[in-house]
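Undergrad: here is my input, please return the structure:
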Amino acid sequence: MARILLIEDSPTDRAVFTQWLERGGHQVLFATNAEDGLELARKQLPDLVLMDVVLPGMSGFQATRALSRDEATSKIPVLIVSTKSMETDRAWAMRQGAVDYVVKPPREEDLMARINQLVGAA
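TA: Residues are numbered from 1 along each chain as shown. Next up, the predicted model:
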């Protein structure tokens, strides 16, 4: 079981992803904005961060960059899950330090397989 931080402002997406993660045996922490998510990541040091891009205030891209540049959180993989589907968005996410980029809405099996691979629970 991994501890996964979900940074997602959509109540619907948050509920769906939480259900999938818990069904997969993972513990879920969540934040509804990037600033709270960064603070939670520093305090809790989750095994993985699932990050939305379009968030109130700081974007998921900015938050990913902050996590990847902070010595305390730089080893935590960030998986971006976003409605932004342009290849440039994916490329930018990877340049900010994300390990992968998934376009919403993902298939449960595909997202969970990628998460389990990243946290070593496959």
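
Undergrad: now the helices for the chain?
TA: Using DSSP state H, the helices assigned to the chain run over residues 11-23, 34-44, 60-69, 87-96, 108-119.

Undergrad: helices or strands next to the third one in the packing?
TA: Here helix 60-69 is seen to pack against helix 34-44, strand 48-51, strand 78-82, helix 87-96 when contacts are counted using 3 or more Cβ pairs under 8 Å, 6 or more residues apart in numbering; DSSP states H and E. (Each C-beta comes from the backbone N, C-alpha and C, glycine too.)

Undergrad: try 6 Å
TA: helix 34-44, helix 87-96 (3 or more Cβ pairs under 6 Å, 6 or more residues apart in numbering; DSSP states H and E).

Undergrad: can you tell me which of those helices is packed in deepest?
TA: helix 34-44 (a mean of 18; mean count of other Cβ atoms under 10 Å).

Undergrad: who's in contact with it?
TA: Applying Cβ atoms under 6 Å, 6 or more residues apart in numbering, the contact partners of helix 34-44 are L5, I7, L29, A31, L55, G57, M58, A63, A66, A72, T73.
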